[in-house]
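**Q** Here's a sequence, model it:
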Amino acid sequence: MTSSSTLKRRVINPDGNIGTFYNIYRDEVLDQSASIDKYEEIQSYKPVHCEFIDDSIEEFQNLLKWINIEGDLRVNILLKSELRTGVAALIDHQYKIDKYTRVMHYFCVYHERRILDNSTEAREHCKPIPNDLLATHIISAVSFGIDVVIVLQVPADDQTAERIDVALKKIQTQWKNSSDISHSIEDDVNILEKITLTKIYSNLIRITKMTSFIEICQFIDRNKQKINEYCPIEYTLQPIEWLYPDTISLYPPYLPLDKIYIDKFEKHLIEILNSYKQISDLLEYYSNQILPDYLKELLIEMESEYRSLQVLYESGILRLTTLMMEIHSGQANVDEIDPALEHYDQTIFKAYIQIILKKLMLIKEEIQYVNSSPQEKLKYNQFSETEINQHIMEQMLECQIATEKQSDDEIFSNDQVLDNK
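**A** Numbers count the residues shown, from 1 in each chain. Okay, the predicted model is just below:
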């Protein structure tokens, strides 16, 4: 893991411009700017990037990686919900993803605005830096274009789904070749109108309200040559010292994380986030259902347990966020990642997840039974409740033992340190 001077960041907050200050540790565009009054405008000739997922479950597991968001930024998005804007909001997609889900990604850079390459000359065209600045970097270039992820749900009919896939792949090929797709839309309009759900994630906020695949296709085709329609799509970042060499930074040099450690963090964070969201969605769904009194009581109990789960989740995320910042700043070693991911608070969290999911499955089974026998009076299965509560006690006991063992290990480790002095 080595320090890197120039960095690229996918735009999830489009408020930045050349000269805007940036905090790389938090991936935050700051309000302050160097107010650059001289810059270069460059036309881009990069090819259009357009990819399509039909039923590849593996790629659905990490859509932020699939759309090529940088690894360190992906981890920050998983750790910080306030960063889930623009295309990054994809991580909070609220609809079911199954074999009839399709995802298309269109990414095209049309032009770039950048500071003069010579930092000494560029310095002559910007205002002095504020003394209390919390920046680590300055945005030295901004690429403008369209970045859009289109999530589609097709009918649960294999023949119809296959016909839609053919039409979508045709559009994908034409977009990659920068061709006009209007004729394809006209030819396939009847089958494309059978798409049951269209959800848009983009750096262009106004198009995220569109609910028709045909509408978004027509927008992209219509606005290819309209520069005023484009928003920031990628930032190029230079260390603050590049433009202000006499500045004493409040932060150590930033150390990007190697891919192997990004993968470890991501796998863990995606797993717990998906479980957390699954329980939240199920509780919301069942709270809107008409339930027998005994199931209402069980649901109230689970909502209380979910609040405890929230506390565990937030405290665990905070601890991992702190560790990430310490690793990026060189204050902690990457060897601390594995123990952190196996920390006892993560064990407790995963135990709570399984407990609540088991109870939610009980509600589901009971509802199915009630619906299949509406005249029969059902009683709550006391054995199931006892079994679940016993499981809770066993899991919490294991967590307590793990906690006590960790405390003993820390005491033993500290004693060794003292003995070696």
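
**Q** Show the pLDDT at Ala156.
**A** Note for Ala156: predicted pLDDT of 93.

**Q** Could you confirm it falls within a strand?
**A** No: using DSSP: H, G, I helix; E, B strand; the rest coil, the secondary structure at Ala156 is coil, not a strand.

**Q** The residue lying closest to Ser182 once chain neighbours are set aside is in what secondary structure piece?
**A** Excluding the flanking residues, the one nearest Ser182 by Cβ to Cβ, 6 or more residues apart in numbering is Asp221, at 6.1 Å. Quick note: C-beta positions are derived from backbone N, CA and C, even for glycine. Here Asp221, judged by DSSP states H and E, is contained in helix 213-222.

**Q** can you pull out the helices in the chain?
**A** For the chain, the helices defined by DSSP state H occupy 57-60, 63-66, 71-79, 119-123, 158-176, 182-192, 213-222, 240-243, 259-287, 293-328, 337-341, 344-372, 382-420.

**Q** Spit out the contact partners of Ile171.
**A** Contact analysis of Ile171 by Cβ atoms under 8 Å, 6 or more residues apart in numbering lists Met104, Ile181, Ser184, Ile185, Cys217.

**Q** re earlier: and the helix holding Asp221, what other elements does it pack with?
**A** With contacts taken as 3 or more Cβ pairs under 8 Å, 6 or more residues apart in numbering; DSSP states H and E, helix 213-222 sits against strand 137-153, helix 182-192, strand 197-202.

**Q** got CSV for these, with distance to Tyr45, mean pLDDT and mean neighbour count too?
**A** Putting the helices and strands packed on helix 213-222 into CSV (distance: least, Cβ to Cβ, whole Å; pLDDT from 0 to 100; neighbours: other Cβ atoms under 10 Å) gives the following:
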stretch, distance to Tyr45, mean pLDDT, mean neighbour count
strand 137-153, 12, 94, 24
helix 182-192, 23, 86, 15
strand 197-202, 22, 96, 20
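
**Q** Would you reformat these as a markdown table and include distance to Asp338?
**A** Converted to a markdown table, these look like this (distance: least, Cβ to Cβ, whole Å):
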| stretch | distance to Asp338 |
| --- | --- |
| strand 137-153 | 30 |
| helix 182-192 | 47 |
| strand 197-202 | 33 |
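
**Q** So the residue nearest to Ser182 versus Asp165, what's the distance?
**A** Here Asp221 is placed at a distance of 20 Å from Asp165 (Cβ to Cβ, to the nearest Å).

**Q** what does Ser184 give?
**A** The value you get for Ser184 to Asp165, if Cβ to Cβ is used, is 14 Å.

**Q** Repeat that for Ile240.
**A** 48 Å.

**Q** where does the stretch 251-400 of the chain have low pLDDT?
**A** 369-400 (pLDDT under 70).

**Q** ok, back up a step: kindly indicate which of the contacts of Ile171 lies nearest Glu314.
**A** Nearest to Glu314, judged by Cβ to Cβ, of the contacts of Ile171 is Met104 at 34.1 Å.

**Q** on that earlier part again, now do the helix holding Asp221 and helix 158-176, the angle between them.
**A** Relative orientation of helix 213-222 and helix 158-176, computed by axes from the mean of the first three to the mean of the last three Cα atoms, to 10 degrees: 10 degrees.

**Q** In helix 213-222, which residues are buried?
**A** Residues of helix 213-222 classed as buried: Phe213, Ile214, Ile216, Cys217, Phe219, Ile220, Asp221 (neighbour count, 16 or more other Cβ atoms under 10 Å).

**Q** and what of stretch 244-251?
**A** Residues Tyr244, Ser249, Tyr251 are the ones in stretch 244-251 that count as buried (16+ other Cβ under 10 Å).

**Q** all strands in the stretch 1-150 of the chain, in order from the N-terminus.
**A** Assigned by DSSP state E, counting those that start in this stretch, the strands in the stretch 1-150 of the chain fall at 7-10, 20-23, 28-33, 39-43, 49-53, 101-115, 137-153.

**Q** same for the longest one, what does it pack against?
**A** It stands for strand 137-153. So strand 137-153, by 3+ Cβ pairs under 8 Å, 6+ apart, packs with strand 20-23, strand 101-115, strand 197-202, helix 213-222, strand 231-239, helix 240-243.

**Q** Can you list the neighbours in contact with the first one?
**A** With Cβ under 8 Å, 6+ apart as the test, strand 20-23 has contacts from 9, 16, 28-30, 32-34, 133-139, 235, 237, 240, 251.

**Q** next one: the last one
**A** Residues external to helix 240-243 that are found in contact with it (Cβ under 8 Å, 6+ apart): 5, 21, 34, 115, 119, 122-123, 126, 129, 133, 135-138, 140, 247, 249.

**Q** Just the CA coordinates for it, please, in CSV.
**A** Extracted in CSV, the C-alpha atoms of helix 240-243 (Å, rounded to 0.1, in the frame of the first residue of the first chain):
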residue,chain,number,x,y,z
ILE,A,240,-3.6,20.1,-1.8
GLU,A,241,0.2,20.7,-1.7
TRP,A,242,0.3,20.5,-5.5
LEU,A,243,-1.3,23.9,-5.8
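
**Q** Just give the number of residues close to Ser5.
**A** 12 (other Cβ atoms under 10 Å).
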